[in-house]
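[1] just coords:
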């Protein structure tokens, strides 16, 4: 036993797969200790906030300002105010107004603004320009006002008594605030989803749920498969016929369709994560049964089994002590594969909307579902679906890698 | 006048290097000399190194088997240390033919036998046309006692014995100098075995091969097939003698034990006391410093474990690896026989 | 010497057919054999002759399709588990591959302890069990205290096969079915196994049914020989009669195909 474990941990594939999987599991366990917010708690008023550090603007006004003189501060400010689209639009207008293209450099903000200032005239009629487009340029021009200003911004509060704005402070362009002084800030490494939930926290919770579903479904499927396979393989005869009858039945019906039907039949209200896991478990035992049965059939005529019979052992004892240990490694590998396929099955179900209830816990499939419904991929909000896809892929990959590693250990013919 | 040797091997040593970088000297300073028209048998039990010797003699082997020292000279040509690929192209098939135990598995189940033969010629003698190959093949089958229909069959249509004989026949179609057969008939039933033996003798008589090395653990076969027998133990040759002498008058204690355990269905065989040798062969990772058989030898002396024992050549083609002189051994055996008779 | 008066096991019309419908294989074809007490009987045949199937039916591991087996005069009935256990106190087996006979996950002690339990001595105190096992091992030149708590892969092939014989010493069955017990053993160790089996036979009057393909071995060790071909017994008699003076062409061919060393081996007959 010890020798086998040592061999297992010497297999590079197993170690890599195990490392990835262990990291994911650790993440699920450790993360909630540090981040206490509820996974399904809505924190964003609005949809799909991009990833970043969110600093409370109101608090930053009140915080102690520090004066810093940094190079290129003005240029950076200018550059961020004008988007690429706007620059190209300005260039388009200037070219249409008569300037040669070579003279205009959209990257050089100051020069571009200067050219614009000198040349823009809302009254010039440019042929082929629609009204909407002309209004766009008017708005663009208005927004540029003050872009080059160097005075401070004034902060005024409404005096309740006099009903006038009173100046309470100003913010200079060289004022900087130490982020540690700002009491309210939130790091959202993966932004928010369409509901306004922190994607990272949601993701970690979803991994936990999906792993649980995978584990439960895998356990159920493997247990059923092992039991039926042992009975069918060793006892043979009528028992074998019955088991094979059910196995063939389940093979003919596509499991996924079966899953969909059962899931639909249970109804939205009853579908918890564990319920789904149980359903998946009870529909995916077929492959394991077949595989175990084949192994047992090849084992039951071995000499040590015959000798066991000749020593007067009971059938149960022979199955448990002479057959089961010989297929143990195979069953472990089958179990790992069942976990992997169960997680994917749940994801598939959830994407279709037939997964666990959406209000209790998130699962990886549910997150994919929401991202799809709210068109995250169309709108380019990659943080809502890409991390989920990568996570599913990593979990599946690490499990399969562990499986291949184990296969190499238990089947010396496969070693390189 | 000694005949020109077809195959001469001098002090050949090859080793296996395990995963953990240990050296196992499976073939330890083996020398042999094979002349035209002669056949040599190598006898030994499993694990003595005879199969490794077969591979080493060809010069065609790969890691973890490595060459250590010694020379192999075939037909005057020194092939020691030759690159395996060169050996495959120039030596195998033309000069040396090799038949492993399960040679029948070399047949591709999806192609006919004649296609297999065509492949062999394509690799070694591409000048032959298909028609020429077919004629050569039928001629061969005729002489060697194989029915000509075999050529058009698929391997699955042939019995195990037939397949083995086919592959053996194909291996000599290029008329090699030496045939090395490693347990060619062990996996077959007795009738097929007899057919294989008959074919091998046929091949020697009809000049398909000039000489043969037959490796097996079944001594009655060697007695009937080969002229000379070498007994191998723990990687070393422990006795060399003519077939008759080796089986009926062995000198080395191990050979004696081995010959004493032969069982044949002949009258008088029931009254023979079979010999046993207790113990197991030594682990070749750490071979004992003195005689490798000392642990199990009935006649062991203190000096046996202390010194390296060389092959003791006593002339007329006999040699044995023991520290005791011939006369002393014969006295011991005589005494034992007398004691047993009483 | 076999006691011609006491028949301990006999078969009448024993037949085994595998498969059903159109694909049937007739493995054993209406075999009638009588085995005597203290006899060494060899069943010789090439592969596919049905000898292993016959052995399994005699052992009760395979159910015959037709025919009866009589044990000590009465028809054998092993339908219940209790009856099977009783039967297996009287008939045991040694198989060909010493490595495959052991459960690789259990220590070798379990093999001997199972025998003690089958005997009905499962309740004995530990020291007595160890004494029994030590005695059985010493019969086969093994030291129990060296082997105890070892796993099968730590022993050599010869040691494992001898341990199988130690099992037989513990159970002292009336009949032993030995299925090619020496074919995977070194030639030098073969004689030890054979000598131990014969010694057992002499001491407890056990019948040995020796299954083999090696006719020389059958000749050496047996009192009576049965030649099987394609499920049928084609010739039987004392070893001297069958081997030295075979009547049936199949037997004659079988013997002439084995290489000889004292007589000339005629190659022209193939």
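    Received it, and whenever you're ready, just let me know what you need. Predicted, not measured: the structure shown is a model, and the values here were computed from it. Numbering: from 1, shown residues only, chains lettered A, B, ... in the order given.

[2] domains in the chain, by residue range?
    Went with chain A since none was named. Annotated domains of chain A cover A:2-44+A:193-414, A:83-144 [automatic domain parsing].

[3] other chain: chain C
    C:1-90+C:174-183+C:191-270, C:92-172.

[4] below-threshold pLDDT in the chain: ranges please.
    Picked chain A for this. Along chain A, the model assigns pLDDT under 70 to residues A:1, A:145-150, A:412-416.

[5] correction: the question concerned chain C.
    Within chain C, the segments meeting pLDDT under 70 span C:1-5.

[6] tell me, what residue is most central in it?
    Central residue of chain C (Cα atoms, centre = their mean): residue C:178, 1.7 Å from the mean position.

[7] for chain B, which segments count as helices?
    With helices called from DSSP state H, chain B shows them at B:50-58, B:84-86, B:113-124, B:130-144, B:160-171, B:190-205, B:219-225, B:243-248, B:253-259, B:302-306, B:326-341.

[8] I'd like to know which elements the longest helix seen in chain C is packed against.
    Counting by DSSP H, the longest helix found in chain C is helix C:187-204. When contacts are defined as 3 or more Cβ pairs under 8 Å, 6 or more residues apart in numbering or on different chains; DSSP states H and E, helix C:187-204 packs onto helix B:253-259, helix C:126-139, helix C:157-171, strand C:175-179, strand C:207-212, helix C:215-221. From N, CA and C alone the C-beta is placed, and that goes for glycine too.

[9] now that helix: buried residues?
    Going by neighbour count (16 or more other Cβ atoms under 10 Å in any protein chain shown), the buried part of helix C:187-204 is C:187-194, C:196-197, C:200-201.

[10] which one of these is nearest to residue A:140?
    Residue A:140 has its nearest neighbour among the buried residues of helix C:187-204 in residue C:189, at 100.1 Å by Cβ to Cβ.

[11] for the residue nearest to the closest one when sequence neighbours are not counted, grab the count of nearby residues.
    In space, and not counting its chain neighbours, residue C:189 is closest to residue C:158: 4.4 Å by Cβ to Cβ, 6 or more residues apart in numbering or on different chains. Residues near residue C:158, counting by other Cβ atoms under 10 Å in any protein chain shown, number 24.

[12] and what of residue A:211?
    Residue A:211 has 20 nearby residues by other Cβ under 10 Å.

[13] swap in the one 5 residues further on?
    By the other Cβ under 10 Å criterion, the neighbourhood of residue A:216 contains 20 residues.

[14] do the same with residue B:283
    Using other Cβ under 10 Å, residue B:283 has 11 neighbouring residues.

[15] quick one: contacts for it?
    Neighbour list for residue B:283: empty [criterion: Cβ atoms under 8 Å, 6 or more residues apart in numbering or on different chains].

[16] what does residue A:43 give?
    By Cβ under 8 Å, 6+ apart, the contact set of residue A:43 is A:37, A:186, A:192, A:196-198.

[17] ok, 10 Å please
    By Cβ atoms under 10 Å, 6 or more residues apart in numbering or on different chains, the residues touching residue A:43 are A:37, A:49, A:54, A:186, A:188, A:192, A:195-198, A:201.

[18] now list the buried members of those residues.
    Among the contacts of residue A:43, those classed as buried by 16+ other Cβ under 10 Å are A:49, A:54, A:188, A:192, A:195, A:197-198, A:201.

[19] please tell me how far the residue nearest to residue C:189 sits from residue C:181.
    The gap separating residue C:158 from residue C:181 is 11 Å, by Cβ to Cβ, to the nearest Å.
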